[in-house]
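S.K.: sequence and predicted structure are below.
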Amino acid sequence: MLLLTGATGLVGTALLRRLTAAGEPVRCLVRDPRALGAQRTDVDVAVGDLADPASLREAVDGATTVVHLAAAIRDQPHATIEELNARATAQLAQAARRAGAERFVLFSALSAGPHVRTRFLRAKAQAEEAVAAAGFGRHVIVAPSIIYDRDDPFMALLRRMAVLPVVPVSGRGRAEYQPIWAQDVADCVVALLDGRAPGRDRLELAGPQTLTHTEIVRTMLAAAGRPRPLVHVPTPVVKRALRAGQALLGARTPATWDEAELMEVSMTTPRGAADAQELGVRPRTMTAALGP
């Protein structure tokens, strides 16, 4: 049995389709089974939450492999970024190890580290340490750059912002990324689970292009059929505005400072797309993946 967290996310949705099509027995940890759509009848459902240790213990029962995709880039009403990414990962890893799981695949992020400026990337570094210390027979840290798809939240936000005559971009927009398509990432995970991975406990997944934040926004707007001029908004102004919006709207705010700050930190690897290619996947460019 394979336990999958984050099954309703960008990569999780694509990965789950591949796993069920191959007849892989899968259990999905979800808060609401309805979010799985029609696939909820093809999997074993564990109802729970990363912030609930008891539900984690129940979810790992009988699982030999855990693929932990779930993550939070903003605080939730019931838990913080640190609790959902670092502490919950440690609890999940410990529960899985006690339950006899042999393999743990953690999705982290390029540039994760203890001294990075963003809370999310610092929490991911703690999560990596927790998985490595859990003592699995085999663990793999998968560290991607920005993952995107046609209907991802960032793309949806840009479509809404494109009703404006100009689209605002936080800061100077110079941070660099190697964006990788969610479908390519799912193919990489399938290859990893099939044993095609190189003998390393850390893989860095990146697309074939290095693009700045500004270039990513332009590419996405063009793919959505809504090219617009861009205006760069000073970071201090963005920070004050987003924090005010969060204080006013709470969980309903369309964007938070923690999310915007992630676009101020470059996420690249000198290996480029090499790790994906070692898995037999040749990542597409953003233009090719998003299409006209």
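M.R.: Yep, it's here.
S.K.: in the helix or strand of the chain with the lowest mean pLDDT, what counts as buried?
M.R.: Every helix and strand in the chain was compared by mean pLDDT, DSSP states H and E; the lowest is helix 153-161, with a mean of 86. Neighbour counts over helix 153-161 (16 or more other Cβ atoms under 10 Å) mark 154-155, 158, 161 as buried. (Glycine included, C-beta is placed from N, CA and C.)
S.K.: which among those residues gets closest to Pro198?
M.R.: Closest approach to Pro198 among the buried residues of helix 153-161 (Cβ to Cβ): Phe154, at 30.4 Å.
S.K.: these two touch, right, the closest one and Met161?
M.R.: No - between Phe154 and Met161 there is no contact, the gap being 10.4 Å when judged by Cβ atoms under 8 Å.
S.K.: tell me where the stretch 101-250 of the chain has strands.
M.R.: In order along the chain, the stretch 101-250 of the chain carries the following strands (DSSP state E, counting those that start in this stretch): 103-107, 138-144, 147-148, 167-170, 176-177, 180-181, 202-205, 211-212, 230-233.
S.K.: tell me which of those sits most buried.
M.R.: Greatest average neighbour count among those goes to strand 180-181 (a mean of 26), per mean count of other Cβ atoms under 10 Å.
S.K.: show residues contacting that one.
M.R.: Counting contacts by Cβ atoms under 8 Å, 6 or more residues apart in numbering, the residues outside strand 180-181 that touch it are 144-149, 205-207, 273, 276, 283-284, 286, 289.
S.K.: if we use 7 Å, what do you get?
M.R.: 144-145, 147-149, 205-207, 283-284, 289 (Cβ atoms under 7 Å, 6 or more residues apart in numbering).
S.K.: for stretch 207-223, what is the distance to the chain centroid?
M.R.: With Cα atoms, centre = their mean, to the nearest Å as the basis, stretch 207-223 stands 18 Å off its chain's centre.
S.K.: CA atoms only: put that stretch into CSV for me.
M.R.: These are the backbone C-alpha positions of stretch 207-223, laid out as CSV (Å, rounded to 0.1, in the frame of the first residue of the first chain):
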residue,chain,number,x,y,z
GLY,A,207,12.7,22.5,-16.2
PRO,A,208,14.9,23.3,-19.2
GLN,A,209,14.7,27.1,-18.9
THR,A,210,15.9,29.6,-16.4
LEU,A,211,13.4,32.4,-16.2
THR,A,212,13.0,35.4,-13.9
HIS,A,213,9.8,36.0,-12.1
THR,A,214,8.9,38.7,-14.6
GLU,A,215,9.5,36.3,-17.5
ILE,A,216,7.3,33.7,-15.9
VAL,A,217,4.4,36.2,-15.5
ARG,A,218,4.8,37.3,-19.2
THR,A,219,4.8,33.6,-20.3
MET,A,220,1.7,32.8,-18.3
LEU,A,221,-0.2,35.8,-19.4
ALA,A,222,0.6,35.0,-23.1
ALA,A,223,-0.5,31.4,-22.6
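S.K.: shaky segments in the protein?
M.R.: 292 (pLDDT under 70).
S.K.: who's sitting farthest from the centroid in it?
M.R.: Taking Cα atoms, centre = their mean as the measure, the residue most remote from the mean C-alpha position of the chain is Pro165, 30.7 Å away.
S.K.: could you pull out the helices in the stretch 1-150 of the chain for me?
M.R.: With DSSP state H, counting those that start in this stretch as the criterion, the stretch 1-150 of the chain has helices at 10-21, 53-59, 81-82, 88-98, 119-133.
S.K.: what are the buried residues along the last one?
M.R.: Okay, so that is helix 119-133. Along helix 119-133, these residues count as buried under the neighbour rule (16+ other Cβ under 10 Å): 119-128, 130-132.
S.K.: ok, and what's touching stretch 54-64?
M.R.: For stretch 54-64, the surrounding residues in contact (Cβ under 7 Å, 6+ apart) are 1-3, 27, 29, 46, 48-49, 66, 91-92, 95-96, 99, 101-103.
S.K.: buried ones among those?
M.R.: Neighbour-count burial (16+ other Cβ under 10 Å) applied to these gives 2-3, 27, 29, 46, 48-49, 66, 91-92, 95-96, 99, 101, 103.
S.K.: what's the most distant pair in those residues?
M.R.: Asp49 and Arg103 (23.3 Å).
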